[in-house]
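> Next come a sequence and a model predicted from it.
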Amino acid sequence: MSVVHYKLVPHDGGWAYTLNGAFSESFPTHDAALKVARRVAAEQRVPGENSYIEYQTEDGQWHTEHVLGIDRPQTDVTS
């Protein structure tokens with residue numbers, strides 16, 4: 001099982017959470033960003049339907065995979 005780590009960081013005069021180099025919108029306080037990051041992390045653990053996903057890797061290659069709705073990552077949030 002994979003593990004997804006969200007991290008809170010100062011961003012654009014406020015706070016944001018980041019994952020793999022991507023930033024969320026900015027929030028005015030650390031507590032506000034933490035609340036949203038925890039909600040997003042919890043939502044990512046919720047099982048869904050089986051589906052196909054497409055994604056692009058850093059080298060520009062596109063991939064298509066079939067994913068099971070029960071194959072959800074563990075998540076955490078650090079500040």
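That came in fine, so what should we check first?
> my guess is T75 meets V3, correct?
Yes: the pair T75 and V3 passes the contact test of C-beta atoms under 8 Å, sitting 7.3 Å apart. Yep, even glycine has a C-beta here, placed from its N, CA and C like the rest.
> could you measure the residue most central in space within the chain against V77, distance?
Geometric centre of the chain, nearest residue: L19, 5.4 Å, by C-alpha atoms, centre = their mean. Counting by C-beta to C-beta, to the nearest Å, the gap from L19 to V77 is 10 Å.
> still on that earlier bit, which one of T75 and V3 has more residues nearby?
Legend: neighbour count by other C-beta atoms under 10 Å for T75 and V3, higher for T75 (19 against 8).
> So the more buried one: helix, strand or coil?
Going by DSSP: H, G, I helix; E, B strand; the rest coil, the secondary structure assigned to T75 is strand.
> Dump the C-alpha coordinates for stretch 30-40 into PDB.
What follows is stretch 30-40, C-alpha atoms only, in PDB (Å, rounded to 0.1, in the frame of the first residue of the first chain):
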ATOM      1  CA  HIS A  30      -1.800  27.500   9.600                       C
ATOM      2  CA  ASP A  31      -4.900  26.100  11.300                       C
ATOM      3  CA  ALA A  32      -7.100  26.800   8.300                       C
ATOM      4  CA  ALA A  33      -4.600  25.000   6.000                       C
ATOM      5  CA  LEU A  34      -4.300  22.100   8.400                       C
ATOM      6  CA  LYS A  35      -8.000  21.600   8.600                       C
ATOM      7  CA  VAL A  36      -8.400  21.500   4.800                       C
ATOM      8  CA  ALA A  37      -5.300  19.200   4.400                       C
ATOM      9  CA  ARG A  38      -6.700  16.800   6.900                       C
ATOM     10  CA  ARG A  39     -10.000  16.700   5.100                       C
ATOM     11  CA  VAL A  40      -8.300  16.100   1.800                       C
END
